[in-house]
Each structure stands twice: as structure tokens, then as C-alpha cells.
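Colleague: let's see this in three dimensions:
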Amino acid sequence: MELRQLRYFVRIVETGSMGSAALDLDIGVSALSQQMTRLENELAIRLLQRTSRGVTPTNAGLAFYSQAQLALRHADDAILAARDARLSGHVSVGMAPSTASVLGMPFIHAMREHYADVRLHVVESLSGNLERMINTRQIDLAVVFQKEKILRWSARPVLEERLFLIGTHELLADIQDDIITPAQLANIPLIMPSLGHGLRGRLEAICQEHGLKVDIATEIDGLTLLMHAVRSGLGATLQPGAAISHLERDALRVIGVHNPVLSRPNFLVSLSDDELTPAGLAARVMLTKVMRELVETGCWPGATLYAH
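Modeller: Predicted structure coming up:
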């Protein structure tokens, strides 16, 4: 038995006409009649009598009508209760500056659209700081790049980001192609975050794994200042696709790095399910959804989703 069948039946009894009820319900007379036949067959009871003057309920139909009205009122009350009990609370989410540049606003808009009563706190900080903050329960969720440093908590790989070489046209004038190999980085002065930062740690790991050498000329722990230094020509940098999503391509040159491809994984980490509030659980689902949508729609350059 379906709730809509109860609504159909009640309307037929109230109008006394299959045609009038069908018009009110915006459904065909034939389809409405079929639904009533199915309802009667399921109950094995005749509920309606069809006469030349319309449709009237049988004795069983009158009894059923009274209870159907009550059931519909309870259903409507349940819907109102669910709408009134909208999710509320507080959740804090951490993102690295490069991640926030592509993910931050879409996530905020999605949370406001779906969970308007949840108070959202977004923390933009270096990946290493976010790792410490979630380990000390200062934030509920974070997107980080080194799962090994997250103690006890849930860590789910969501996507992998390619790293791109970014620099002025003058600094990179000797590079003819739009794709280079990691070995060609040895003669390019790089501006990178300091050791302990997620991106720098990933670069060091790749260099050690493949026997590569790079020249770290300057260390800057801050994406805004780092990119200012790159624009001034002090050096180039290696950054993920998220960081190039808002670049002025005419001012800076972006070159892919291949064989091996330099990349970093993005892990969505959170407190355990037992510790996360309903608002935190909802934010985790929404964060995953927005990240996947940004990749699938091509709004996250150089990113590919992990298969789950």
C-alpha cells in the first residue's frame, strides 16, 4: 500500500467522482482507476461502488476512509516535523591555501544551500598545521596530503593532483616545450614551502624515490607571498592544479611535469564517526561531493579521482 493511494482514495470519496478526483489530483482517470483496483486487490476488499451517478464508498470503504484520513494527517505531521528539525550545530573544516582557492567557495555555497542552519568555520592554513589541529581536535575535518601524520582518525583518499612548474616567461625562456621531465628541474631555482609542509614533503619523497635533484633557492610558507615572489622572477615554483585555477596565464607560464608525473594525493580526514556531530557528518559528505563535482566538471585542473 502506498501513501499516494490513500490520497487518491480520500479524494475520490470527497468528490464522489472518479473524473473530478482525477482532475484535482492531476492524473488520468484510467491511471486513477488502476490504482484503486490495485488497492482493493491488495486489501481483498471492495472499497468503492461505481454507479451511474458517481462513486460511493462501501461500508468497508467508509471505515477505511476514516483511518486513511488519520494516516494522511500523521504523514503530513511527520513531514512538517522533519522540515522543522533542520540540521544545525557547528563544524570546522581545514584547507590548505591552494586547496581553498578552488574548493573553498563552492563548498561554502553548497553548505549554505543544503544546511543553512549549520555554522561553518573554515580554517585556511598549511597542511602541516591542519594535521596538528585535527590531531588535537581543534578542527573536525581537513583536506591534507600526508595520511601518515594523522593519528587515529578517519582518512579517505579522494583525488590526486598533478604538480605544475610555474614561472615567468623570462625565467623559463629556455624551455621550449609545454611538458618537461623532472630531471630538467635541476637547473631552475625553485621557490617552495619549507620542510614539513605537505607539498614540500611530497616533493622530497618523489625526489628521493626517483633519484632527482632540485634547487630550492627560497622557502616561503604562504601561497600569496610565494606567488608574488614567482611573479617578480625570483624563481619558479611547483604547485598543484588548484593553485593555477585562478592564475593570469598571460603573466606566468605553466608547464606540465612528466615521467614520472609529479603529483600529490588529497586525503579527507576527520574525527572518528563516534566523535563527529551530525553537522560534521553532513559536512564530510558534502565536502566529498563538492570535490568530486569539481573534478568531474573540469573545474579542478590536473586532478583525477581515486576509484572507490
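Colleague: what ranges do the strands span in the stretch 201-308 of the chain?
Modeller: 215-219, 237-240, 253-257, 263-270, 303-305 (DSSP state E, counting those that start in this stretch).
Colleague: okay if I get those strands as JSON lines plus mean neighbour count?
Modeller: (C-beta placed from N, C-alpha, C; glycine too.) Output for the strands of the stretch 201-308 of the chain, formatted as JSON lines (neighbours: other Cβ atoms under 10 Å):
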{"stretch": "strand 215-219", "mean neighbour count": "14"}
{"stretch": "strand 237-240", "mean neighbour count": "26"}
{"stretch": "strand 253-257", "mean neighbour count": "18"}
{"stretch": "strand 263-270", "mean neighbour count": "22"}
{"stretch": "strand 303-305", "mean neighbour count": "17"}
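Colleague: where does the nearest residue to residue 86 once chain neighbours are set aside land on pLDDT?
Modeller: Nearest non-adjacent residue to residue 86, counting by Cβ to Cβ, 6 or more residues apart in numbering: residue 117, 5.1 Å away. We have a pLDDT of 87 for residue 117.
Colleague: burial check on residue 117, number of neighbours?
Modeller: Residue 117 has 9 neighbours, counted by other Cβ atoms under 10 Å.
Colleague: repeat for the one 10 residues further on
Modeller: Other residues within reach of residue 127, judged by other Cβ under 10 Å, total 30.
Colleague: so who does it touch?
Modeller: With contact taken as Cβ atoms under 8 Å, 6 or more residues apart in numbering, residue 127 is in contact with 96, 144-146, 197-199.
Colleague: what does residue 216 give?
Modeller: When contacts are counted by Cβ under 8 Å, 6+ apart, residue 216 touches 190, 192.
Colleague: quick check: it vs residue 236, distance?
Modeller: As judged by Cβ to Cβ, to the nearest Å, residue 216 and residue 236 stand 11 Å apart.
Colleague: common neighbours of those two, please.
Modeller: residue 190.
Colleague: flag every buried residue along the helix or strand hosting residue 34.
Modeller: In the assignment (DSSP states H and E), residue 34 maps to helix 29-43. Using 16 or more other Cβ atoms under 10 Å as the test for burial, helix 29-43 gives 32-33, 35-36, 39-40.
Colleague: so where do the helices sit in this protein?
Modeller: 3-15, 18-25, 29-43, 59-84, 97-114, 127-135, 198-210, 223-231, 241-244, 278-296 (DSSP state H).
Colleague: next, the angle from the third one to helix 18-25.
Modeller: Orientation note: helix 29-43 sits at an angle of 100 degrees relative to helix 18-25 (axes from the mean of the first three to the mean of the last three Cα atoms, to 10 degrees).
Colleague: who does helix 29-43 touch, helix- and strand-wise?
Modeller: helix 3-15, helix 18-25 (3 or more Cβ pairs under 8 Å, 6 or more residues apart in numbering; DSSP states H and E).
Colleague: out of the buried residues of helix 29-43, which comes closest to residue 74?
Modeller: residue 39 (18.4 Å; Cβ to Cβ).
Colleague: OK, contacts around that closest one?
Modeller: By Cβ under 8 Å, 6+ apart, the contact set of residue 39 is 1, 5, 8-9, 47.
Colleague: who wins on neighbours among those?
Modeller: That'd be residue 9 among the contacts of residue 39, by other Cβ under 10 Å, with 25 neighbours.
Colleague: what sits against that one?
Modeller: Per Cβ under 8 Å, 6+ apart, neighbours of residue 9: 36, 39, 47-48, 64-65, 68.
Colleague: change it to 10 Å
Modeller: 21, 32, 35-36, 39-40, 47-48, 57, 61, 64-65, 68-69, 72 (Cβ atoms under 10 Å, 6 or more residues apart in numbering).
Colleague: one more: residue 192?
Modeller: Going by Cβ under 10 Å, 6+ apart, the list of residues near residue 192 reads 199-200, 203-204, 214, 216-221, 226, 235-239.
Colleague: 7 Å instead?
Modeller: By Cβ atoms under 7 Å, 6 or more residues apart in numbering, the residues touching residue 192 are 200, 203, 216, 219, 237-238.
Colleague: what count of nearby residues applies to residue 176?
Modeller: Neighbours around residue 176, by other Cβ under 10 Å: 7.
Colleague: roughly how far does it sit from residue 37?
Modeller: 76 Å.
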